[in-house]
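>>> Just to be clear, the model below is a prediction. Sequence and coordinates:
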Amino acid sequence: MAMLIFNGERIEVQVGETILDAARRSARGARDIASSCPGIGKCKECAVQIKSGSDALTPWSEAEAFLRQQSDREEQTFRLACQARIARSDAVVEVETFKQKLEIAATGRPALDAFEPWIQRRGGSVYCDGEKLAEATGGIHGVAVDVGTTTVVMHLVDLESGDTLEVRAFENPQKYGGSDVMHRISYDRDNPGQLHHTIITHLNHLLRDLPIDPATVFAVTVAGNPTMRDLLFGLNVQPIGQNPFMSQTQAEVLAGRRESTAIWADGDQLGLNVHPRARVYGLPLISNHVGADIAAVLATIPIEEPTDPFMVIDIGTNTEVVVGGRDRLIAASCAAGPAFEGGRVSCGLPACEGAITAMRRCGDRWEVSSIGSGPVRGICGSGLVDILAELRAAGEMDGMGRFHDGADRVAVSDDPPLFFTRGDASELALTKAAIGLGQAVLLRRFGIGPSRIGTYYLAGAFANRIDARKARQIGLFVPVPEERVVRIGNASIEGAKAALLSRACRDRIESLVRRIEHVELAKEPDFFHLFATMTELQPIAVEN
């Protein structure tokens, strides 16, 4: 019997057992290690650092080649936990997971609603919408939370002044359940309640670390896609992963058992480290996979003003697109997957230390910009857009993502060795096809072409760095003039905060989602033809 020391915890293991299987037999391993594929080295998410005992593991697999290069350069050993197996019965192998410090968009363009909180002090008591909650013995605070598949952002506000007191942003600790919502849903089916417990526990840790007494938090608002929102509230998310792909709350609205897809709960019901009677409000969902996150984004856009039609796109593992104007709004969800966040791309990284964010082809070499002052370690989403556009512009890659000389990869960096492969291009082409298709279909449904779009809003962290011109060149964005592109950052957290600080904003969001038309892209009669067309790395052709 061998010994695995995983993040300080000692676990007895059998010869031939993988680090991943052994670690998952411990509570710490189940929480700290991530994997989205069935242990075949495809997702590349279960990377761990071998602190000692690397000679007692099986040889490197082909799937670990990128880690071997990194390990050789840094004189540290990194392995995929699903590939590395214990090879000797007398082995003691020490393993640690490592958290990448992500560059997270924690703020955005604020909503402009009048300050009118639904939690107020009257005399010595705290009231919610006119109902007494508790006696007021100190300050009155609220927390807005945007729960994304990859990241979580939290704002602490003073409900008497409207001031934002703290901003916190962190990796979603549920990542061990997979990199996209469908994997999280599957994980929750097999391990019910664990993902809910994880996010609540992590939020409680942060709440205890705030510069106020958590018992003075009397209101919490939550935005997120349907899966992330419902996991936080402890709802059954299995219906979201099965046809007709709708939240439990949406099904209940359609059945006449509730009036809104919004959720209300008390702090003690959820086990949150806030006042026991604090009101926790989950913003309403729009429909199916179009969630409360994009509803919050819409709260920051002047929809009611008589302007030209607009499009808003919030790119993430679950990308949402909305097209509309004052009199009509239509929305769709695009199953983009994690490719532009570094998932399933051999050289991909999230926006973290060492990630290349911008690239330019200069003869036979690359000029790159990266996060931090250290060596490059991979390419994040904005850099991946650049490399596709640059290879296409230089004639080194055709519209199908094939290299002109028949090669299967191109070198990006010699030190460390870093390559962009034909497989990477294919993975990104599928992601950008899903996003491009959503935009094209909504424009068609709305009856306009790109030239009619007055404002093209880009929301989310990805939008902060992406070169919109290059995104148009490869067909990720529809061809809208540069001067019409407006980047609004993390508008989801700003909308969630506005709903916390303004009863009128909260009510406006509730009213807004009821009139948005949802388009199921897969039900379009020419869906497969459109998708195949969109996989080509060329500008989107949409009739005006």
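Now that the structure is in, tell me what you want to look at.
>>> For the chain, which element, helix or strand, carries the lowest mean pLDDT?
helix 65-74 (a mean of 57; mean pLDDT, DSSP states H and E).
>>> quick one: the strands in the stretch 101-250 of the chain?
119-122, 125-128, 131-135, 141-147, 151-158, 164-171, 217-224 (DSSP state E, counting those that start in this stretch).
>>> Surely residue 145 and residue 154 touch.
Yes: contact status for residue 145 versus residue 154: in contact at 5.1 Å, counting by C-beta atoms under 8 Å. For glycine as for every other residue, the C-beta is placed from the backbone atoms N, C-alpha and C.
>>> Please enumerate the shared neighbours of those two.
Listed as contacting both residue 145 and residue 154 by C-beta atoms under 8 Å, 6 or more residues apart in numbering are residue 203.
>>> Those two: which is more packed in?
residue 145 (26 against 22; other C-beta atoms under 10 Å).
>>> Beta-bridge partners for that one, please?
Counting by DSSP bridges, residue 145 forms beta bridges with residue 154, residue 222.
>>> From residue 350, how far out is it?
Distance of residue 145 to residue 350, given as C-beta to C-beta, to the nearest Å: 20 Å.
>>> which stretches of the stretch 1-150 of the chain aren't confidently modelled?
The model of the stretch 1-150 of the chain has pLDDT under 70 over residues 27-32, 34, 36, 44-45, 66-67, 69-76, 98-101.
>>> how's the protein carved up into domains?
Domain assignment for the chain, taken from automatic domain parsing, gives 2-96, 119-294.
>>> CSV for those, including distance to residue 534?
Listed next are those as CSV, based on distance: least, C-beta to C-beta, whole Å:
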stretch, distance to residue 534
domain 2-96, 23
domain 119-294, 19
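>>> Pick the most buried one from the ones you listed.
domain 119-294 (a mean of 20; mean count of other C-beta atoms under 10 Å).
>>> Centre of the chain to stretch 115-129, how far?
Remark: stretch 115-129 is offset 34 Å from the chain centroid, using C-alpha atoms, centre = their mean, to the nearest Å.
>>> my bad, should have said stretch 393-409
30 Å.
>>> Just give the number of residues close to residue 452.
Residue 452 has 16 neighbours, counted by other C-beta under 10 Å.
>>> show me the contacts for the nearest residue to it once chain neighbours are set aside.
The spatial neighbour of residue 452 that comes closest, neighbours along the chain excluded (C-beta to C-beta, 6 or more residues apart in numbering), is residue 309 at 5.8 Å. Residues near residue 309 by C-beta under 8 Å, 6+ apart: 323-325, 446, 448, 452-454.
>>> Among the residues you listed, which ones are in strands?
323-324 (DSSP state E).
>>> Can you flag the buried ones in the contacts of residue 309?
323-325, 446, 448, 452-453 (16 or more other C-beta atoms under 10 Å).
>>> Let me know the closest of those to residue 273.
residue 324 (38.9 Å; C-beta to C-beta).
>>> Can you check the pLDDT for that closest one?
Confidence at residue 324, expressed as pLDDT, is 94.
>>> wait, doesn't it sit right on residue 330?
Yes: with contact defined as C-beta under 8 Å, residue 324 counts as touching residue 330 (6.3 Å).
>>> Quick check: neighbours shared by these two?
Contacts common to residue 324 and residue 330, judged by C-beta under 8 Å, 6+ apart, are 446, 516.
>>> Can you name every helix or strand that the host helix or strand of residue 429 contacts?
In this assignment (DSSP states H and E), residue 429 forms part of helix 422-446. Packing contacts for helix 422-446, counted by 3 or more C-beta pairs under 8 Å, 6 or more residues apart in numbering; DSSP states H and E, involve strand 310-314, strand 319-324, strand 329-334, helix 381-393, helix 527-534.
>>> Can you pull the poorly scored residue ranges out of the chain?
27-32, 34, 36, 44-45, 66-67, 69-76, 98-101, 176, 542-544.
>>> where do the helices sit along the stretch 201-350 of the chain?
226-232, 248-254, 267-270, 292-298 (DSSP state H, counting those that start in this stretch).
>>> can you pull the contacts of the closest residue to residue 140 other than its chain neighbours?
Of all residues not flanking residue 140 in the chain, residue 159 sits nearest, at 4.6 Å (C-beta to C-beta, 6+ apart). Taking C-beta under 8 Å, 6+ apart, we find residue 159 in contact with 117, 119-120, 140-142, 218-219, 500-501.
>>> one more time with 6 Å
Contact partners of residue 159, counting by C-beta atoms under 6 Å, 6 or more residues apart in numbering, are 117, 119, 140, 142.
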